[in-house]
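> I need the structure of the sequence given here:
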Amino acid sequence: MNVTAIKEEVAQTIRALHLKGWSPATSTNYSFREDEGQIWVSRSGVDKSNFLSSDFITVDQDGNASGEYVGVKPSAETLIHCIIYALFPDTKVILHSHGIYPIVATAKSNSAIAFEGYEVQKGFAGQITHDTTIEIPVFENTQDMTEFADTLRQNASRFGCHSFIMRKHGTYAWGTNLFEAKRHLETLDYLCQCEVLMK
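Residues are numbered from 1 along each chain as shown. Just a heads-up that it's a prediction; the model follows:
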């Protein structure tokens, strides 16, 4: 993996997602993991319209800034990224969005949101037909990342579509590379948009 190149590619994606309105008010967080296991995560409080490759910092497996970045504040939700990498070792990129449609779609839903019959369902890796029902887990929003990390571990078997939604907060989607992670994020947002508009 060329770390310099992936930094720039993910930074460009972050700026593009901001243009969609998916990261208002410096919100959202993003990460990638090197082949050797080193995690890079977006620094906290950065305006995503101006996000640069230099705005990534390294963190350890517990989400603490590491190396030359000790003392720099990572995203408050960095531990979520660390747990996803631990649960799904093939994951290389994680994208977090505050797109409006998943938030609205899950504001009053139960523990999952279901989609059936949409062609775009095949945007999720492993989905080969539209003629099925898929479920995306929905979790309550919380500021207690340690507790939420436990929730993710307990629900690992539910992440067949490589994503989940935090109610009234936003979505997390991941993949084996940037292209796949972005596809999963866009697939979920599109499906939520369809459901909201139909209602």
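> Okay, Ile94 and Glu119: tell me how far apart.
Look at Ile94 and Glu119: by Cβ to Cβ, to the nearest Å, they are 26 Å apart. (Glycine included, C-beta is placed from N, CA and C.)
> what's the answer for Asp90, then?
26 Å.
> swap in Ser49?
From Ser49 across to Glu119, the span is 32 Å (Cβ to Cβ).
> which residue packs closest to the most centrally placed residue in the chain, ignoring adjacent ones?
Most central in the chain under Cα atoms, centre = their mean is Tyr172, positioned 2.6 Å from the mean C-alpha point. Among residues not flanking Tyr172 along the chain, His96 sits closest, at 5.2 Å (Cβ to Cβ, 6 or more residues apart in numbering).
> And what about that neighbour, helix, strand or coil?
What DSSP: H, G, I helix; E, B strand; the rest coil gives for His96 is strand.
> can you count the residues close to Ala5?
Other residues near Ala5 come to 10 when the count uses other Cβ atoms under 10 Å.
> For it, what is the enclosing helix or strand?
helix 3-19 (DSSP states H and E).
> roughly how far out does the helix or strand following that helix sit from the chain middle?
Going down the chain from helix 3-19, the next helix or strand is strand 30-33, by DSSP H and E. Chain-centre distance of strand 30-33: 9 Å, with Cα atoms, centre = their mean, to the nearest Å.
> which other helices and strands contact strand 30-33?
helix 3-19, strand 39-42, helix 78-87, strand 93-97 (3 or more Cβ pairs under 8 Å, 6 or more residues apart in numbering; DSSP states H and E).
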